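> okay, here's the prediction I keep looking at, along with the sequence it came from:
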Amino acid sequence: MKHVLRILATFFVLFGPFSATAQDHKVMTVTRVPFSMEEDGEQTGFAMDLWDALAKDLGWSYTVSRVDNFPEMLETIENGEADAAVGNISITSSRELVMDFTQPIFEAGLQIMTRADGGEISIWSAIMSRDMVLAIAGAFALLFGGGMLMWYFEKHHQEYFALPARKAMFPAFWWALNLVVNGGFEERQPRSPLGRVFGVFLVISSLFLVSVFVARITAVLTIEAIQSNVSGIGDLYGKTVGTVENSTAAEFLLRRDLNFDPYSNPQELIEAFEQGDIDAVVFDAPILAYYVSHEGKGIGRVVGPIFLPENYGIALPTSSPHADQINHSLLKLREDGTYNQIYRKWFGQK
């Protein structure tokens, strides 16, 4: 009897762990192109391909549950309702308090995306700016007022101005405009004493008026160019910025006192960017880089260096019994070249 019990004990020691690892594992994920998505009913993406290679190495079977957002995915891990969460999950100190992570599976960070044509400033857009429209309206008012004042002085002294006030409006304005642009009409020079004094004043002041307009247009063009150019975080103040709510990007923008429009997922964020609702996007660098090189080609461009470097990992419940096995398998996949093969499939050569 003791011999039989010893055999049974040896069997459970040798095969018990295998039976535990052969069970079906519940994996949570959320759509984040190109890390995790579902195409034609197949789970694919960098993180999903890596998990599949890891599961095959460990001899695991698994089922995938895809949820709508990050908080829902991480909540299942925090509550121990799933064995792992896979995607572009940043390893942060706050998350480490309520869950565990594997060793890093991807080096990432945040980056800025703006419109591909965001740096182009046209003379027309400068002229149609609010300040320029007000300046042009003021200049027209001054020309009209100056012309009508000259009409008042000259209406009894020369035939050109010998018109009723209503009919003299355009000829008077045209006279003042020619005075500013061409220096006036020789044959229509003022003849009344007050008209001559006022005419000299208009000629001299027109020199300053033209100079002010040239300087104003130059200033507006320069300001528009500076304001439209985004090359770093400091250029985002005053812009309409968007990111995904409750993400590491959102936390970073809050710490920098940068106002932003929150979106529930990257799909809504990209749609808002494409529709012109936001000027710039701050989000995970690899996701933005993948977008601008695929479906967003010609629409957006990433600018500036990667900031707030971070690592992605596989999220596990606290004190998960599978942590050591997963970490060992990840090291093995790096050593045998499987990791690099999956990386090249989605991101090209490092």
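Yes, it's here. What you see is a predicted model; the values in this text were computed from it and never measured. Numbers count the residues shown, from 1 in each chain.
> what's the longest strand anywhere in the chain packed up against?
As far as residue count goes, and with DSSP state E defining each element, the longest strand of the chain is strand 300-312. Of the remaining helices and strands, those touching strand 300-312 by 3 or more C-beta pairs under 8 Å, 6 or more residues apart in numbering; DSSP states H and E are strand 106-115, helix 248-255, helix 285-293. In short, each C-beta sits where N, CA and C put it, glycine included.
> any idea how far the last one is from the chain center?
Chain-centre distance of helix 285-293: 11 Å, with C-alpha atoms, centre = their mean, to the nearest Å.
> let me know the angle separating that helix from strand 106-115.
40 degrees (axes from the mean of the first three to the mean of the last three C-alpha atoms, to 10 degrees).
> and the average pLDDT for helix 285-293 is what?
Model confidence over helix 285-293, given as mean pLDDT, is 90.
> in which helix or strand would I find Ala85?
Mapping Ala85 onto the secondary structure by DSSP states H and E places it in strand 84-86.
> show the average pLDDT along that strand.
Per-residue pLDDT values across strand 84-86 average out to 97.
> helices or strands next to it in the packing?
Secondary structure elements in contact with strand 84-86, counted by 3+ C-beta pairs under 8 Å, 6+ apart, are strand 24-30, helix 46-58, helix 70-78, strand 315-316.
> follow-up on the earlier one: let me have the helices and strands packed on strand 300-312 in JSON lines, adding distance to Asp40 and mean neighbour count as columns.
What follows is the helices and strands packed on strand 300-312, written out as JSON lines (distance: least, C-beta to C-beta, whole Å; neighbours: other C-beta atoms under 10 Å):
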{"stretch": "strand 106-115", "distance to Asp40": "25", "mean neighbour count": "21"}
{"stretch": "helix 248-255", "distance to Asp40": "30", "mean neighbour count": "18"}
{"stretch": "helix 285-293", "distance to Asp40": "19", "mean neighbour count": "19"}
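> of all the ones you listed, which lies closest to Val33?
Ranking the helices and strands packed on strand 300-312 by distance to Val33, with C-beta to C-beta as the measure, places helix 285-293 first at 6.4 Å.
> does Gly238 sit in a helix, a strand or a coil?
Here Gly238 is recorded as coil under DSSP: H, G, I helix; E, B strand; the rest coil.
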